[in-house]
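Visitor: Structure for the following, please:
(2 chains)
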Amino acid sequence: QQQVKQSPQSLIVQKGGIPIINCAYENTAFDYFPWYQQFPGKGPALLIAIRPDVSEKKEGRFTISFNKSAKQFSLHIMDSQPGDSATYFCAASIADFGNEKLTFGTGTRLTIIP
Amino acid sequence: GAVVSQHPSWVICKSGTSVKIECRSLDFQATTMFWYRQFPKQSLMLMATSNEGSKATYEQGVEKDKFLINHASLTLSTLTVTSAHPEDSSFYICSAGLAKNIQYFGAGTRLSVL
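Guide: Numbers count the residues shown, from 1 in each chain, chains lettered A, B, ... in the order given. So this is what the prediction gives:
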């Protein structure tokens, strides 16, 4: 099964709060889990990514937590700002040279209110 | 960082005409490029995977004669929507593979077919 399930569909958080977006997958062959940020009318931008050999990765205000046994991973945004308001997509792929297709989650529309 | 340029950003055409969209990796060579379609407020749907110098691999349900993909060099892939109809109106996004699993996306092309 190639599906990646993402929740919640939408999220409203006050400035300074910590929005958390969750994803779950079924295919244990997935070995790369990126998060993308997309603003309206723009292409997705790679935010942060993790591979299954680590349980957590931080880059600036963004943290990925990864639970291999539960087949779940999540994105945390520390000290959220109105500029973080965007749609966030989790994804997963298998390392297969020349065919590293990304399977995307359904997206989470995040709104940070001042 | 890796930059992927997509052109045009917006195109309006009459029904029955063909439209070509270009995707270029500006500062790296991409053996593999991907084409996605995105409907409003929805996730990205992979249309096809293209490897330089070979025929594109289309996802199930995507008409290869309708959406022609050419990947003539390591920095350029093109998507041609042939005989476009209003139902082809959508946001088309390309991405280029930089290294194992990692994809960088273009800014997208909004196609409106009248």
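Visitor: got the contact list for the lowest-mean-pLDDT helix or strand in chain A?
Guide: Lowest on mean pLDDT, DSSP states H and E among the helices and strands of chain A sits strand A:102-104, with a mean of 91. By C-beta atoms under 8 Å, 6 or more residues apart in numbering or on different chains, the list of residues contacting strand A:102-104 from outside reads A:2-4, A:25, A:30, A:34, A:36, A:89-93, B:34, B:43-44, B:46, B:95, B:103. (Each C-beta comes from the backbone N, C-alpha and C, glycine too.)
Visitor: same for the helix or strand following that strand, what does it pack against?
Guide: Note on strand A:102-104: by DSSP states H and E, the next helix or strand toward the C-terminus is strand A:108-113. Packing contacts for strand A:108-113, counted by 3 or more C-beta pairs under 8 Å, 6 or more residues apart in numbering or on different chains; DSSP states H and E, involve strand A:10-14, strand A:86-93.
Visitor: In TSV, list those along with distance to A:P114.
Guide: Shown next, in TSV, are the helices and strands packed on strand A:108-113 (distance: least, C-beta to C-beta, whole Å):
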stretch	distance to A:P114
strand A:10-14	8
strand A:86-93	16
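Visitor: Adding mean neighbour count and distance to A:F66, write those strands out as a markdown table.
Guide: Listed next are those as a markdown table, based on neighbours: other C-beta atoms under 10 Å in any protein chain shown; distance: least, C-beta to C-beta, whole Å:
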| stretch | mean neighbour count | distance to A:F66 |
| --- | --- | --- |
| strand A:10-14 | 14 | 20 |
| strand A:86-93 | 24 | 11 |
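Visitor: and A:G16, how many residues sit next to it?
Guide: 11 (other C-beta atoms under 10 Å in any protein chain shown).
Visitor: Check for me that it belongs to a strand.
Guide: No: looking at A:G16 with DSSP: H, G, I helix; E, B strand; the rest coil, it is coil, so not inside a strand.
Visitor: thought it was touching A:S80?
Guide: Yes: the pair A:G16 / A:S80 is scored as a contact, 6.6 Å apart, by C-beta atoms under 8 Å.
Visitor: Show me the one of the helices and strands packed on strand A:108-113 that comes nearest chain B.
Guide: Evaluated with C-beta to the nearest C-beta, these place strand A:86-93 nearest to chain B, the distance being 5.0 Å.
Visitor: measure A:Q14 to A:Q81 for me?
Guide: According to C-beta to C-beta, to the nearest Å, A:Q14 stands 11 Å off from A:Q81.
Visitor: Can you pull out the low-pLDDT segments for the chain?
Guide: With no chain named, the answer covers chain A. Where chain A drops to pLDDT under 70, the residues are A:1-2, A:95-99.
Visitor: wait, I meant chain B there
Guide: B:1, B:100.
Visitor: picking up where we left off before, quick check on the contacts of strand A:102-104: which are buried?
Guide: A:4, A:25, A:30, A:34, A:36, A:89-93, B:34, B:43-44, B:46, B:95, B:103 (16 or more other C-beta atoms under 10 Å in any protein chain shown).
Visitor: Near chain B, which residues of chain A are found?
Guide: A:31-32, A:34, A:36, A:41-46, A:49, A:89, A:93, A:95, A:97-102, A:104-107, A:109 (C-beta under 8 Å from any C-beta of the partner chain).
Visitor: Pull the number of nearby residues for the residue lying closest to B:D65 once chain neighbours are set aside.
Guide: Excluding its sequence neighbours, the residue lying closest to B:D65 (C-beta to C-beta, 6 or more residues apart in numbering or on different chains) is B:T82, at 7.1 Å. Per other C-beta under 10 Å, the neighbour tally for B:T82 reads 15.
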